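> how would this look folded up:
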Amino acid sequence: IEIPNSVTDIGAQAFADCTALTRIVIPEGTEKIGAFAFSNCIGITGIAIPNKITSIAEWAFSGCVNFTSIEIPNSVTIVGDSVFASCTSLTDIYCEAEYKPSGWSNRWLSFCYATAHWGCTGGNTPGGSEEDGGEGLEYTLNGNAYTVGIGVGCNNQAATNLFSDTDTKLKDLGVFGVGL
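You can find the predicted model right below:
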């Protein structure tokens, strides 16, 4: 489903329980996602959240059991409770914000066991992907230039953290290419 460009708000329960829905495109002009908007849309494997979204209400994506990862743009300043509750396949949430914004509920990850990664950027996959021509993160450490391969695109502080314990952290993040 492609939502028309004229839509600025996706209302509460707009697509709730649409179990046969497999793909949805949210238009770039959309600013808000309502409560339970996509809850129990078990056929969707992921969704691109546009850069103009400012608010994601409680339980918006709850029960989307086939989500594996999602990126939340820096524009999102308000997030309600349990947004990804019962998203049992969701392992990683990539947030462009450096840290949890004050407008995000302290319970935004309730009933969700995914890891939130802060300070990440990119297309639908942080750092870009082979499909969109992403180059990954370029980083200089002790005068040496490194490129953290496609699939990771975190801020310089995150890169510093990555390289402080390279064997563990890069492997854990699924990085498959680090080169000089």
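
> And the pLDDT for residue 115?
In this prediction, residue 115 carries a pLDDT score of 93.

> Quick check: it touching residue 93?
Yes: counting by Cβ atoms under 8 Å, residue 93 is a contact partner of residue 115 at 7.1 Å. To be clear about C-beta, it is placed using only N, CA and C from the backbone, and glycine gets the same treatment.

> Please identify which of those two sits among more neighbours.
Set side by side, residue 115 and residue 93 show more neighbours around residue 93, with 22 against 14, by other Cβ atoms under 10 Å.

> The more buried one belongs to a strand, doesn't it?
Yes: read with DSSP: H, G, I helix; E, B strand; the rest coil, residue 93 is one of the residues of a strand.

> from what I can see it touches residue 67, true?
No: applying Cβ under 8 Å, one finds residue 93 not in contact with residue 67, separated by 9.3 Å.

> Common neighbours of the two, please.
The contact sets of residue 93 and residue 67 overlap at residue 84 (Cβ atoms under 8 Å, 6 or more residues apart in numbering).

> now the strands for the chain?
The residue ranges that make up the strands of the chain, judged by DSSP state E, are 9-10, 32-33, 55-56, 69-72, 78-79, 92-95, 115-118, 137-141, 144-148, 178-179.

> returning to what we had before: are there residues contacting both of residue 115 and residue 93? Which ones?
With contacts taken as Cβ under 8 Å, 6+ apart, residue 115 and residue 93 have no neighbour in common.

> just the helices in this protein please.
Assigned by DSSP state H, the chain shows helices spanning 156-164, 166-172.

> pLDDT of the last one, averaged?
When pLDDT is averaged along helix 166-172, the result is 43.

> Is residue 104 in contact with residue 78, as I believe?
Yes: using Cβ under 8 Å, residue 104 and residue 78 qualify as a contacting pair, with a distance of 7.0 Å.

> quick one, which of these two is more surrounded?
For residue 104 versus residue 78, the count of surrounding residues by other Cβ under 10 Å is larger for residue 104: 21 against 16.

> give me every residue that touches the residue nearest to the more buried one when sequence neighbours are not counted.
Closest residue to residue 104 apart from its sequence neighbours, by Cβ to Cβ, 6 or more residues apart in numbering: residue 79 at 4.2 Å. By Cβ under 8 Å, 6+ apart, the contact set of residue 79 is 55-56, 72, 101, 103-105, 108.

> who does residue 79 bridge with?
Per DSSP bridges, residues listed as beta-bridge partners of residue 79: residue 56, residue 104.

> which stretches of this structure have low pLDDT?
Under the criterion of pLDDT under 70, the regions of the chain flagged as low confidence span 122-180.
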